[in-house]
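Chemist: got a structure for you, letters missing:
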Ligand code: HEC
């Protein structure tokens, strides 16, 4: 009897938890997209279709074809340095990095 009443409770709790997690992810992703638009979009394409404004800058949607985007985590924390003077150096804090990586993943 008690178990029968607990099951729907657990289901509701699980559904609420999933909804909250999804909403948090969506907010993070949006924040990551804002960062990309603010700091990166002048050179890199940050959507799924456009060419990069600066032709030699790889569109962000292609990065995962070369390496898992998680490997950028360290680079973002320490300041991205690419072997090219055209790209300025950036440093993100851990929250920004998590948001940014979620956004990159959403382009894959
Ligand atoms: C002023 C232009 C410019 C801006 C702004 C810029 N980039 Fe770049 N980025 C480049 C260029 C040019 C390259 C290609 C460099 C090369 O291939 O040598 C590049 C390459 C990269 C790469 C690929 C590195 C590799 O070897 O795979 C990553 C990742 C990257 N940029 C991330 C970012 C991020 C994140 C931002 C925003 C925080 C950003 N870039 C902003 C110009 C820019």
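Modeler: It's in. Because the structure is a prediction, the values reported are computed rather than measured.
Chemist: how about the secondary structure of residue 53?
Modeler: State at residue 53, reduced to three classes by DSSP: H, G, I helix; E, B strand; the rest coil: coil.
Chemist: and the one helix or strand residue 74 maps to, how far out from the chain's middle?
Modeler: Using DSSP states H and E, residue 74 sits in helix 72-78. Relative to its chain's centre, helix 72-78 lies at 13 Å (C-alpha atoms, centre = their mean, to the nearest Å).
Chemist: what's in contact with it?
Modeler: Residues from elsewhere that reach helix 72-78, judged by C-beta atoms under 8 Å, 6 or more residues apart in numbering: 63, 80, 81, 90, 91, 92, 94, 96, 97, 100, 101, 104. Quick note: C-beta positions are derived from backbone N, CA and C, even for glycine.
Chemist: name the helices or strands packed onto the next helix or strand after it?
Modeler: Toward the C-terminus, helix 72-78 is succeeded by helix 94-106 as the next helix or strand (DSSP H and E). Packed against helix 94-106, as judged by 3 or more C-beta pairs under 8 Å, 6 or more residues apart in numbering; DSSP states H and E, are the following elements: helix 2-39, helix 63-66, helix 72-78.
Chemist: brilliant, that's me finished.
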